[in-house]
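Q: Structure for the following, please:
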Amino acid sequence: MKHFLAISFAALLAQMNAHARVGETREEIATRYGEGKKMPTQRLAGTESFEYSKSGFIVEVVIVDGKSVMEIYARNEGTSDEAIKELLKVNTPVGTAWRFDKKAGRWERSGVPRLVGYRWPGHPDFFCIKDLKACEAAEKKNKPNAEGL
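A: Residues are numbered from 1 along each chain as shown. Below you'll find the predicted structure:
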């Protein structure tokens, strides 16, 4: 019985370590991917973007208030459907699941935060996973205007 409990506890810890990458701090991301480089341009106004390279992937991470809200993955040889399945899998904490919405052309994850995944428009070799609510809040907070032009 003790062995069963120990193994169950170890399995639970392993699953917790495999939870969503979106939502991690910059330090957690650096631990996972290594040192990245700050991008000169940002995907969203008022955010910071960093680029990492690991396991044949280039990963761009968009940070808002110290946490990842969007990650864009790309492989030199293209991001296959199998690679996308693996990326979705590592972004699936216990109690959540992904489903593909054919009409919207994207994957949607149950649970909180609500994540979506999709091939980048015009660049099907790029795959993006983002926190919808956090990205929308960042866009509203940093809405561009023509004042001063």
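Q: Report how many residues lie close to residue 109.
A: If you count neighbours by other C-beta atoms under 10 Å, residue 109 ends up with 23. (Glycine included, C-beta is placed from N, CA and C.)
Q: hang on, it packs against residue 93?
A: No - counting by C-beta atoms under 8 Å, residue 93 is not a contact partner of residue 109; they are 9.1 Å apart.
Q: How about the backbone phi and psi for residue 39?
A: phi -80, psi 140 (degrees, to the nearest 10).
Q: what separates it from residue 50, distance-wise?
A: 6 Å (C-beta to C-beta, to the nearest Å).
Q: Can you check which residues contact both of the two?
A: residue 60 (C-beta atoms under 8 Å, 6 or more residues apart in numbering).
Q: which of those two has more neighbours?
A: Counted by other C-beta under 10 Å, residue 39 and residue 50 do not tie: residue 50 has more neighbours, with 19 against 14.
Q: Can you report phi and psi for that one?
A: phi -130, psi 150.
Q: Just give me the neighbour total for the residue nearest to it when sequence neighbours are not counted.
A: Nearest residue to residue 50 in three dimensions, chain neighbours excluded: residue 36, at 4.0 Å (C-beta to C-beta, 6 or more residues apart in numbering). Neighbours of residue 36 under the rule other C-beta under 10 Å: 18.
Q: need the helices for this structure, in chain order.
A: Assigned by DSSP state H, the helices in the chain fall at 2-17, 26-33, 81-90, 132-141.
Q: hey, least reliable of the ones you listed by pLDDT?
A: Per-stretch mean pLDDT for these is lowest at helix 2-17 (a mean of 39).
Q: what are the phi and psi angles of the residue nearest to residue 50?
A: phi -110, psi 180.
Q: show me the contacts for it.
A: 29-30, 50-52, 61.
Q: Understood, closing this out.
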